[in-house]
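> let's see this in three dimensions:
(4 chains)
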Protein chains: 2
Amino acid sequence: MSLSLSRSRQDYLKALLALGGQSRVVGTSELALKLDVAPPSVTNMLRRLAKDRLVTLAPGAGAKLSSAGQREALRVVRRHRLLETFLVERLGLDWSEAHEEAEVMEHAVSERVLDALDRLMDHPSEDPHGHPIPDASGRLERRALHPAAALHAGEVAVVREIRDQDARRMARWKAAGLVPGAAVRMRSVDADDDVFELEVAGRALVSGSEGLEGVLVERRRDARTKG
Amino acid sequence: MSLSLSRSRQDYLKALLALGGQSRVVGTSELALKLDVAPPSVTNMLRRLAKDRLVTLAPGAGAKLSSAGQREALRVVRRHRLLETFLVERLGLDWSEAHEEAEVMEHAVSERVLDALDRLMDHPSEDPHGHPIPDASGRLERRALHPAAALHAGEVAVVREIRDQDARRMARWKAAGLVPGAAVRMRSVDADDDVFELEVAGRALVSGSEGLEGVLVERRRDARTKG
DNA sequence: GTCGATGATTAGCCTTGACTAACGACGGCG
DNA sequence: CGCCGTCGTTAGTCAAGGCTAATCATCGAC
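As a prediction, this is how the structure comes out:
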């Protein structure tokens, strides 16, 4: 039942999901940038994916995932995140290493191996970055996430995802305890000077809003801070 | 330092190693058969591998591995066998499943992940089939193996490898305890009628020589049988 | 209302690795 | 001694995916 898609096709679907899911038409160059290929290659591939009804073309504008396309993309994401979790938890790899490795391995593991890994790790619900892992039938937990900079002074939240390109910054954050699952409290916000003081594990972390762009948090109802 | 070889190239090198190593020129059709491709594809690929000095061409006859080629082939074999071991020992896959999976995954895992797996399993020296695993620098334990049918009556040996295409036969053997590491004793040999009676775990296993072709054993000096 | 930038597309080409069909060389057998 | 089967190779195609250079459409600014 599950199509057999080439590595390239899987990568395109995954990128489409990341950039807009089924809800938004993603532009050709946007996709080209993400995948690090030239725009004509994208036009080309989108047409082929459309022929297989995995995407819906928006001529002159790009394309968006079809239901089938999204389903396949979620399978790839599941593979990626389960592998990443395994690589970090069981093999002791670093976050960023694990990501690179999973990028390749996600195209080489079968359902069989994946299920076994899932069992071995007792069906984890999120990967080491805090991203939710789609379940075996492709369902993905939905979360309301906000950049940390959106928190008001005094507000409490739980870090859910760390999205960042800068490896040094990520390492610094990690050392400071700013990792998925960590509780944080916004101590103060100075909107004029763009200075944010975030409390992590009892210590303060001062940053501009740009720096907090990649820290996605889930708001907490109650305002009690922990630790 | 380690070349980056495409999946296909790695498969060719691995097949060349399996069919003759560095010591024998392997014929074009022989290789084609093993890899399940057409002979002209082999001629073609061998030329490309020769350009990279991974094989030495024997024009009109095929090719054999160069030192560099053998080194690369051994790296692939190491990957394959370590993965297979992991899949069987840690993920609980069946032998034959594990083989198929490893066939794909061997091209997708990096040295980094491989080393971590190796550590996790405490540097196994052989895979679940009993094949020796090359060490990190590519050295492969050398063994004097013989088909089980070569044993004399009364002789004792240890099963080292099971090479067989027939899944049902392999399953039967496995159930009977005929697995790598098992001690066996040749109870009787009837060369005229081609009937061999092999003792495995105290029970007799009767077979023709063809059936024992894929059972490779290591002869034992002492003749005491165990179990 | 036209200019120019932005972004998508067309056209044409490249590489990898496979295929079929046809050709050549060689060895054994009648 | 010639014929045929086996085996390798040549020649010509194909599909996937990528690329560059050039073209086209559209939208905002002037």
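> could you point out which element follows the host helix or strand of residue A:56?
Residue A:56 is part of strand A:55-58 when elements are defined by DSSP states H and E. With elements assigned by DSSP H and E, the helix or strand that comes after strand A:55-58 is strand A:62-65.
> what about that following strand, distance to the chain center?
From the chain centre to the centre of strand A:62-65 is a distance of 19 Å (CA atoms, centre = their mean, to the nearest Å).
> by contact count, what packs against that strand?
If contacts are counted by 3 or more CB pairs under 8 Å, 6 or more residues apart in numbering or on different chains; DSSP states H and E, strand A:62-65 sits against helix A:7-20, helix A:28-35, helix A:39-51, strand A:55-58. For glycine as for every other residue, the C-beta is placed from the backbone atoms N, C-alpha and C.
> give the contact list for the residue of chain A positioned farthest from its centre.
Note on chain A: the largest separation between a C-alpha and the mean C-alpha position, by CA atoms, centre = their mean, falls on residue A:192 (30.6 Å). Residue A:192 makes no contacts at all, as judged by CB atoms under 8 Å, 6 or more residues apart in numbering or on different chains.
> residue A:108 too?
By CB under 8 Å, 6+ apart, the contact set of residue A:108 is B:104-105, B:107-109.
> near DNA strand C, list only the ones from those residues.
Among these, not one lies near DNA strand C by CB under 7 Å from any atom of the strand.
> winner for burial among the helices and strands packed on strand A:62-65?
When the helices and strands packed on strand A:62-65 are scored by mean count of other CB atoms under 10 Å in any protein chain shown, the highest mean neighbour count falls to helix A:7-20 (a mean of 20).
> what's it packed up against?
helix A:28-35, helix A:39-51, strand A:62-65, helix A:67-89.
> who's in contact with the third one?
Applying CB under 8 Å, 6+ apart, the external contacts of strand A:62-65 come out as A:13, A:16-17, A:20-28, A:30-31, A:46, A:49-50, A:54-58, A:73.
> can we see that at 7 Å?
By CB atoms under 7 Å, 6 or more residues apart in numbering or on different chains, the surrounding residues in contact with strand A:62-65 are A:13, A:16-17, A:20-22, A:24-28, A:31, A:46, A:50, A:55-58, A:73.
> get me the contact residues on chain A for chain B.
By CB under 7 Å from any CB of the partner chain, the residues of chain A that approach chain B are A:87, A:90-93, A:97, A:101, A:104-105, A:107-110, A:112-113, A:116-117, A:120.
> hmm, try it at 10 Å
Residues of chain A found near chain B (CB under 10 Å from any CB of the partner chain) are A:7, A:83, A:86-87, A:90-94, A:97-98, A:100-110, A:112-117, A:119-120.
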